[in-house]
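A.B. asks: give me a 3D structure for the following:
(one chain, ligands or ions: 1)
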Amino acid sequence: MSPGDRCLDALAALSARGVAGPFDLACILGSGLGAAADAVRDAVAVEYADIPHFPRAGVAGHGGRLVAGTMSGRRVLLLQGRAHYYEAGDPAAMRVPVATVAALGASALLVTNAAGSTRPETRPGTFVLLSDHISWSGLNPLIGEAGDGRFVAMSDAYDPALRSRFAAAARAAGIGLPEGVYMWFSGPSFETPAEIRAARLLGADLVGMSTVPEVILARFFGLRVAALSLVTNLGSGMSAAALSHGQTTAVAADAAPTLVRLLGRYLSEPPVG
Ligand code: HPA
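C.D. replies: Sure, this is the predicted structure:
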């Protein structure tokens, strides 16, 4: 079955459950941030297990549900949970969900994640708006794709107009939102202290195990993209504490209400043209 047919299957299942576009914003909720979906009103929730070709979310803190509804009176589509490259070795693991978001007519996709910070001053609990990324894994979800469409331009992948609008929403909501560059490591092991020093030297402010393949796919499908990292820890070797997934999900759960406030403020402004 072709990737396009897989997306059509997913769309048919969603349509049968009353999920239809367009949406003002779609959002992939990263580790521990899934609780943000509780703020959606008039919610229609569909388990990934009931959507053909959607991944089975297999990581603690990742819900595995699609939630459509409204926030601040605007139509939103939240994806609670993602599949990561490290789960099955497929960099295109999120291809069908991202293609489905595009086909449903979302004006923009916000990708969120939990990340480590390479900067001591960017403390756990801080949200960072991505300005760019470095794909350190060497992988790409478009490998094997045919046609010239695969040569996706990645300058301004993190849409400048959306970034300005998120920055303005954060200011209005009194939420600090620095910008930063995210470096993708495949995981699932955390980085070594030497890798964190190298990442910082190469221009990365954040390190994490997701987002980059989804952003590449989203640009391939023509979506406008913004991305937010929640810093859940300082990078490996930067603090005495050993890194753990439990710490990631705990810090993220505490930050989910801040994300809801930011989204609420973002959505209450008129859309970017
Ligand atoms: N490294 C990679 N991924 C992460 C981290 C980290 O330090 N924290 C949360 N996700």
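
A.B. asks: quick one: pLDDT of residue 223?
C.D. replies: Looking at residue 223, its pLDDT stands at 98.

A.B. asks: tell me which residues touch it, please.
C.D. replies: Residue 223 sits next to 26, 98, 101-102, 106, 108-109 when contact means C-beta atoms under 8 Å, 6 or more residues apart in numbering. C-betas here are computed from N, CA, C, even on glycine.

A.B. asks: can you rerun that using 10 Å?
C.D. replies: By C-beta atoms under 10 Å, 6 or more residues apart in numbering, residue 223 lies in contact with 26, 98-99, 101-102, 106-109, 111, 159, 214-215, 217.

A.B. asks: ditto for residue 175
C.D. replies: Each residue near residue 175 by C-beta under 10 Å, 6+ apart is listed here: 126-127, 166, 169, 258-259, 261-262, 265.

A.B. asks: rewinding a little: and of the contacts of residue 223, the nearest to the ligand?
C.D. replies: residue 111 (13.8 Å; C-beta to the nearest ligand atom).

A.B. asks: which residue does this structure have closest to the ligand?
C.D. replies: residue 116 (2.2 Å).

A.B. asks: what's the burial count for that residue?
C.D. replies: 27 (other C-beta atoms under 10 Å).

A.B. asks: give me every residue that touches the residue nearest the centre of the chain.
C.D. replies: The centroid of the chain falls nearest to residue 111 when counting by C-alpha atoms, centre = their mean (2.3 Å). The neighbourhood of residue 111, defined by C-beta under 10 Å, 6+ apart, consists of 26-30, 79, 82, 94, 98, 130, 158, 182, 210-212, 214-215, 218, 223, 225-229.

A.B. asks: what sits against the residue of the chain closest to the ligand?
C.D. replies: Neighbours of residue 116 in contact, by C-beta under 10 Å, 6+ apart: 122, 124, 183, 185, 190-191, 196, 199, 204, 206-209, 229, 231-236, 238, 243, 248.

A.B. asks: I'm done for today, thanks for sticking with me.
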